[in-house]
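A.B. asks: Please work out how this folds:
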Amino acid sequence: MNQGATAAAGGAQAYLREVVGRAVARRVSDLHFKMGAPAYWRLLGELEQMPDQAVLLQEDLESLVRELTSPQQAAVFAERHHVDLAYGLSGIGRVRVNIYRQRGSIAMALRVIATELPTAQDLSLPPAIELFSNTKRGMVLVTGATGSGKSTTLAVLIEMINARDRRHIVTIEDPIEYLFRDKLSVINQREVGIDTPDFGSAMRAALRQDPDVIFIGELRDAETITTAVRASETGHLVISTLHAPNCYDAISRLVSYFPPEEQDTQRKAIAANLRGVISQRLLPRADGSGRVAAFEVMVVTPTIADMIEDPQRQSDIIEVIKNGRQHAMISFDDYLFDLAEAGHILQDTALANATNVTDLRLRFQGF
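C.D. replies: Residues are numbered from 1 along each chain as shown. Predicted coordinates:
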């Protein structure tokens with residue numbers, strides 16, 4: 001009989017320290033564990049088997065669940081067959097964990113969270129990040145697919161405020177990822193399932209906690225969006241994430257959470273309170289050394305606010321973003337062109353991710 005991975009490593013905690021430590025050293029983004037296979041990791045965006053790892057047995061995964069979960073989280077997993085949590089390893093870092101069942105057995109995905117928060121310069125974030133960090137009220141969104149770096153961008157935005165302004169920042173997360181230390185600001189981080197039952201009740205409570213800034217881990221239902229808009233109307237800065245591929249689609253996604261008879265009212269509220277959207281994707285570097293972020297930025301000017309409010313004009317937002325560099329806006333295609341011209345990504349990579357492939361190809365050809 002093969003010896004299990006955690007038994008070979010000296011226990012669940014020792015196993016986690018070993019694999020997560022190696023993942024941090026190699027700048028791996030994700031780890032995957034399942035019964036009957038060794039650990040897998042996502043290196044430079046590609047999923048591959050982690051070298052020199054024993055096959056995980058059922059008892060290994062059960063041991064990992066006991067190590068990773070609190071009694072409350074274990075109860076949630078037993079009832080719902082999935083649970084989200086964060087776990088810290090002293091001297092190594094933190095991971096965001098989703099434990100779930102597949103084919104009757106336990107599996108889990110771990111997202112590696114950097115211990116040291118990068119700066120806007122480290123990430124080459126667009127200049128609009130400074131503009132949004134200085135916003136006193138309204139709503140700022142960061143959108144993109146899972147694994148595109150949204151959480152890191154928002155954490156950098158929060159840290160910019162923390163280092164510069166005397167403000168009260170309340171975060172509502174599921175689970176807490178980056179841990180902040182108070183600098184000029186006071187930051188209180190609330191975790192869904194531990195500090196609050198759900199996003200909706202945490203948002204309602206946040207309005208009674210004298211916040212200047214409210215960070216919501218994700219806008220995922222009509223109640224949370226409504227409360228977020230209401231908070232931005234009453235003088236707070238609300239920042240959050242949304243699963244949308246670009247800035248234009250972020251508007252449609254927000255509105256789609258509401259029934260048709262409410263959508264005109266919600267459009268007006270979003271138009272009045274949305275201050276900007278950053279959308280991002282991670283792309284392979286030309287030299288194969290890692291990944292680089294491509295961004296699209298929409299700053300809500302009076303013109304864009306009018307277009308958000310009128311669904312017949314919403315598609316015109318795309319053209320306004322393309323022509324809005326004087327307002328710190330940039331389209332994905334322009335950002336992709338700039339990255340390729342600077343040698344950071346291949347032209348083929350840029351074309352594969354372009355909104356308008358024909359136009360971008362013509363630009364590369366000098367037309």
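A.B. asks: Show me which residues of stretch 246-253 are buried.
C.D. replies: Residues of stretch 246-253 classed as buried by neighbour count (16 or more other C-beta atoms under 10 Å): 246, 247, 248, 249, 250, 251, 253. For the C-beta atoms, the positions are set from N, CA and C on the backbone; glycine is no exception.
A.B. asks: For residue 121, state which of these is nearest.
C.D. replies: Closest approach between the buried residues of stretch 246-253 and residue 121, by C-beta to C-beta: residue 247, at 23.0 Å.
A.B. asks: Distance of that closest one relative to residue 44?
C.D. replies: For residue 247, the distance to residue 44 (C-beta to C-beta, to the nearest Å) stands at 27 Å.
A.B. asks: now do residue 62
C.D. replies: Distance, residue 62 to residue 44, using C-beta to C-beta: 32 Å.
A.B. asks: Low-confidence bits of the stretch 1-150 of the chain, can you list those?
C.D. replies: Within the stretch 1-150 of the chain, the stretches with pLDDT under 70 are 1-3, 7-9.
A.B. asks: Please verify my assumption that residue 246 contacts residue 332.
C.D. replies: Yes. Contact status for residue 246 versus residue 332: in contact at 6.3 Å, counting by C-beta atoms under 8 Å.
A.B. asks: Now do the shared contacts for the two.
C.D. replies: Taking C-beta atoms under 8 Å, 6 or more residues apart in numbering as the contact rule, residue 246 and residue 332 both touch 279, 296, 355.
A.B. asks: Strands - which of these land there?
C.D. replies: If you go by DSSP state E, those have 279, 296 in strands.
A.B. asks: for the shared contacts of residue 246 and residue 332, which one is nearest residue 343?
C.D. replies: Checking the shared contacts of residue 246 and residue 332 one by one against residue 343 (C-beta to C-beta), the nearest turns out to be residue 296, at 20.9 Å.
A.B. asks: count of neighbours near the closest one?
C.D. replies: Taking other C-beta atoms under 10 Å as the criterion, the count of residues near residue 296 is 29.
A.B. asks: just residue 265 next, same as before
C.D. replies: Residues lying near residue 265 (other C-beta under 10 Å) number 10.
A.B. asks: In which helix or strand does it reside?
C.D. replies: Taking DSSP states H and E as the definition, residue 265 sits inside helix 260-273.
A.B. asks: Report the mean confidence score over that helix.
C.D. replies: For helix 260-273, mean pLDDT rounds to 96.
A.B. asks: So which bits of it are buried?
C.D. replies: In helix 260-273, counting by 16+ other C-beta under 10 Å, buried: 266, 267, 269, 270, 271, 272, 273.
A.B. asks: which residues are contacting it?
C.D. replies: So helix 260-273 is in contact with 138-139, 225-226, 229, 232-233, 251, 254-255, 258, 300, 305-306, 308-311, going by C-beta under 8 Å, 6+ apart.
A.B. asks: now it: how far from the chain's centre is it?
C.D. replies: 25 Å (C-alpha atoms, centre = their mean, to the nearest Å).
A.B. asks: Kindly report the same for stretch 222-237.
C.D. replies: Remark: stretch 222-237 is offset 20 Å from the chain centroid, using C-alpha atoms, centre = their mean.
A.B. asks: Now do the buried residues in that stretch.
C.D. replies: For stretch 222-237, by 16+ other C-beta under 10 Å, it's 222, 224, 225, 226, 227, 228, 229, 230, 231, 232, 236, 237.
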